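1. what would the 3D arrangement of this be:
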Amino acid sequence: MTVQAVGVPAAALERVLALLPVHVRARDEAATDPLLGALLAAVAGELAVLEADLDELYASWFIETCPEWVVPYLGDLVGVADLPPELGTAGGAAAGSGAAASRRAVVANTVAYRRRKGTVAVIEQVARDVTGWPARAVEYFRLLAASTHVNHVRLDRPASASLRRVATLELASPAIARGALDPLAHTPEARRIASGRGRHGIPNVGVFLFSMQVYDATFAPARATPDGWLVHPLGYPTPLFAPPATEEAVERLAEEADLPVPLRPRRLLELLWAARAGLAVELPVAVRVEGGDPLPPERLRVCGLEDLAVDAADDPLAGWQVLVDAVAGRLHPYLDGAPGTPSELQVAHAYGNTADVGAGTYDRSEVHAAVVDGGPATLAQVAVHAGDPTDGLASPLAKALHDAEQAWAQPVDPPLGGTYVVAVADSATYDGALAVRVPAATRLTVVAADWRARVRGDGEVLAPVPGVYSPEGLRPHQLGDLAVTGGPGASVVLDGLVVEGDVVVTEGELAELVVSQCTVAGRIRVQGDADGPNRSLTVSLVRTVAAGVDLAPTVPALLLRDCALEAALDGGGAPTIRGAGAHLTADGSTVRGGVQVRSLDGSSCVLDGTVAVEHRQTGCVRFSYVGPGSRVPRRFRCVPASDTAAAPAPVYAADDPGSPAWLALAPGCPVVIAEGGEGGSEMGVHHHLRRPLRANAARRLLDPYVPVGLEIGMVWS
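-> Numbers count the residues shown, from 1 in each chain. Next up is the predicted model:
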């Protein structure tokens, strides 16, 4: 009988054979039908399984190294019976939602929590560990105005506010961090803080949670407009942020620098003053004019708070100066004291967003890997930079697509059946319409990614490997339509791009179009009529922002996952989704505007418009909001429960597409919508963040650490 083991590493087999005497191994090798190696291969395989099990058992003794399924058992050993919900990749929190709640951190820090039990610092730390969001805890009895005794004067909380301290008055505004940084003393309130109506009372402790994500953009080109240069690639006014600092110690309470809040102009001014004085501070804004060096701090001026810098003769400094409007993300360049018109303005800044949705500089690796998984192997790859030659074409990106078509047309060994990757390796603007024809059984991937060279330890630079790239840190801007045509079985993947125009699929036999983590200011259109081609095309949108989708009647399927669509983005009044022959599958998405499809399966969505489904005998809508006047398939736990029932409407934190909270549900949104999604999460594009679950878990786990007689009030956004 021949004994054979499959998948046993050669090193493991050699280690077992080395334990035998040499003469035994030599005799077996000299035999006509050696069996010793095959027999010991089976032994080595079982030994490897046993060793792996022992290693996992040893790792399970420690919270830092144990598998995720062991975390509740270790938590039980230290008396943590109610852990926060697991928000892993299945729930989407780990895949593109910024910081995810950590059950492991809660268990690891439980002993430290209990040593500091009853202090406001531990309340803040528990809230941060449970939710994964920056937090600030405020003891409101310290902010009560009271008549003080002459022998016990309290200068830290005067009964009246000084109008000369403008920075203090700014922090007192509810628009700044929802009032979490308010330093002014208030008169007492009798209303309970747990109800959300009162704050300033003796037993009240406020816990503020900040779910906003902050992303760095490294010297991205600004957009020239008649009113100045805007940092948003589409020209939307959007506030600037300062990257929050990481708190090192539990004992220190969070301050403004530790929270993901918009950058106040006076805070920017204070940082510039420190930098001009020679102090080592990290400025949240840096500007390069026409490709030069970053402007020094004295040439960056805060709009509305400073005039242009002058020399000893009281004349404006020669050269470039830039006024920075941190509220709108707008810059005004000046040359020699007069308004200037530079050819290019690059800005290093930080911006905010509620989630990793749409094009952005966040790490898109996990979602991108899931999108391209299972496709053909990468046979060719090219990197695109703004300064590359164009050979008479519209842009270097247009040349890269043209070169791909030329490579596919070669008669010798064409890369049919494989993947051709075009990696856009910067955040520049590429002007001009694009068009590409993909041959049969071939996939084209256009991704915002850096294709880095490999460097050996001895300094030798190796060529980059096709298929290995880093989809993070970049937000390229395509100014113009992008048209694709495909042969039978062809597919196109777009990832991480800002497209100021339409993504158009012309008449052909394209099998799949995937738009992942993109921002499309126009619409995604598939051309054709009822007798046209593209009969097997599947259009998939993943974590994408777009103005709408128009599908030819021949297109059979449209998939939306964690997307935000609003027809008003391109200023049109057409329905947001039109697909007379398409089956729409929507999961955790927000669609503002009309929807016209053949059939529908929806889950945890906000369909804020009139939805008209032709075939209502198939499909289902679950845990979703459906606009009034809609005709949809059977509903399960939807708002409203039927086509004719009345129901509250969703309330959004912001309608402006430039706002970091665009289409996020506001704190005042009805609970049936804010917590009506599957699993108790919110409906809509931010369903995958599980924000209500995180906040509710923080409420439960904070109870043991609140001092007797005090009451917690949770505020999150």
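
2. Thr218 and Val347, how far apart?
-> Distance from Thr218 to Val347, counting by Cβ to Cβ, to the nearest Å: 9 Å. Bear in mind the C-beta positions are built from the backbone N, C-alpha and C, glycine included.

3. neighbour-wise, which of these two wins?
-> More crowded of Thr218 and Val347, by other Cβ atoms under 10 Å: Val347, with 23 against 14.

4. so what are the structural domains in the protein, by residue number?
-> Domain segmentation of the chain under automatic domain parsing yields 10-59, 214-353, 369-555, 586-685.

5. for the shortest one, what is the distance to the chain centroid?
-> Using Cα atoms, centre = their mean, to the nearest Å, we find the averaged C-alpha position of domain 10-59 to lie 48 Å away from the chain's own average C-alpha position.

6. end to end on it, go ahead and measure it.
-> In domain 10-59, first residue to last residue: 25 Å (Cα to Cα, to the nearest Å).

7. show me which residues of stretch 561-579 are buried.
-> 561-567, 569-570, 575-579 (16 or more other Cβ atoms under 10 Å).

8. can I get those in JSON lines including secondary structure and distance to Pro203?
-> Shown next, in JSON lines, are these (DSSP: H, G, I helix; E, B strand; the rest coil; distance: Cβ to Cβ, whole Å):
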{"residue": "Arg561", "secondary structure": "strand", "distance to Pro203": "45"}
{"residue": "Asp562", "secondary structure": "coil", "distance to Pro203": "41"}
{"residue": "Cys563", "secondary structure": "coil", "distance to Pro203": "44"}
{"residue": "Ala564", "secondary structure": "strand", "distance to Pro203": "41"}
{"residue": "Leu565", "secondary structure": "strand", "distance to Pro203": "46"}
{"residue": "Glu566", "secondary structure": "strand", "distance to Pro203": "44"}
{"residue": "Ala567", "secondary structure": "helix", "distance to Pro203": "49"}
{"residue": "Leu569", "secondary structure": "helix", "distance to Pro203": "47"}
{"residue": "Asp570", "secondary structure": "helix", "distance to Pro203": "52"}
{"residue": "Pro575", "secondary structure": "coil", "distance to Pro203": "52"}
{"residue": "Thr576", "secondary structure": "coil", "distance to Pro203": "48"}
{"residue": "Ile577", "secondary structure": "strand", "distance to Pro203": "51"}
{"residue": "Arg578", "secondary structure": "strand", "distance to Pro203": "56"}
{"residue": "Gly579", "secondary structure": "strand", "distance to Pro203": "56"}
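
9. min pLDDT across the residues you listed, which one?
-> Lowest pLDDT within the buried residues of stretch 561-579 is found at Asp570 (70).

10. isn't it right up against Ala547?
-> Yes: using Cβ atoms under 8 Å, Asp570 makes contact with Ala547 at a distance of 4.0 Å.

11. give me the common contacts of those two.
-> Common contacts of Asp570 and Ala547 (Cβ atoms under 8 Å, 6 or more residues apart in numbering): Ala521, Gly522, Arg523.

12. buried by neighbour count, from those residues: which ones?
-> Ala521, Gly522, Arg523.

13. picking that back up, out of the shared contacts of Asp570 and Ala547, who's nearest Ala161?
-> Looking at the shared contacts of Asp570 and Ala547 and their distance to Ala161, the nearest is Ala521, at 44.2 Å (Cβ to Cβ).

14. fine, thanks again, bye for now.
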